[in-house]
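Asks: mind looking at a prediction? Sequence and model below.
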Amino acid sequence: MTTIIVCDTCDYSLLDKLHNGKTGGEILAEHVERISTGTAITVRRQSCLMGCERHCNVAIQGDGKLTYVLGKFDPTAYSAEAVVEYAERHAESESGQVPFKQWPQGVKGHFVARIPSLK
């Protein structure tokens, strides 16, 4: 099972914490939750992934697979679509590694870290 963890405390932008009373992380999480409905992807919200300089952070992880941390997203449906599409490819991969040519355009340039599996 692949899980997308969305930081729900991330700022809306470099200049603004909130937009219409919501953080950017909350807005991005809503988009990811909506777009992932009907997929095998699980979405979980987490307060602070400690990537504040790269607001709108997510982590993509699965049992026995590499975990990827991505950040610096705009809290938009476009960003959420790219994250969910990448997570689906992560789920299909035995190791969690997705070949570069299969990355959605919307995640390119957003990778922060690759964390080895504990197993």
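Replies: Received it, and whenever you're ready, just let me know what you need. Numbers count the residues shown, from 1 in each chain.
Asks: part of a helix, is E53?
Replies: Yes. Using DSSP: H, G, I helix; E, B strand; the rest coil, the assignment for E53 is a helix.
Asks: gap between it and V112?
Replies: Between E53 and V112 the computed distance is 10 Å (CB to CB, to the nearest Å). Where C-beta positions appear, they are placed from N, C-alpha and C, glycine not excepted.
Asks: who has more neighbours out of those two?
Replies: Relative neighbour count places V112 above the other of E53 and V112, with 16 against 10, counting by other CB atoms under 10 Å.
Asks: for the more buried one, phi and psi?
Replies: Dihedral angles phi and psi of V112 (degrees, to the nearest 10) take the values phi -110, psi -40.
Asks: tell me the bridge partners for V58.
Replies: Legend: beta-bridge partners of V58 under DSSP bridges are V6, L70.
Asks: contacts only, for it.
Replies: Residues in contact with V58, defined by CB atoms under 8 Å, 6 or more residues apart in numbering, are I4, I5, V6, C7, L28, V32, L49, V69, L70, G71, F73, V83.
Asks: and what of K22?
Replies: Taking CB under 8 Å, 6+ apart, we find K22 in contact with Y12.
Asks: please name the bridge partners of it.
Replies: When bridges are called by DSSP bridges, K22 pairs up with H19.
Asks: tell me the pLDDT at it?
Replies: Model confidence at K22, expressed as pLDDT, equals 94.
Asks: how about the helices in the protein?
Replies: Assignment of helices within the chain using DSSP state H yields the ranges 24-36, 77-92.
Asks: hang on, the earlier thing: which of the contacts of V58 are buried, as a PyMOL select command?
Replies: Buried members of these, defined by 16 or more other CB atoms under 10 Å, are picked up in PyMOL with:
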select buried, resi 4+5+6+7+28+32+49+69+70+71+73+83
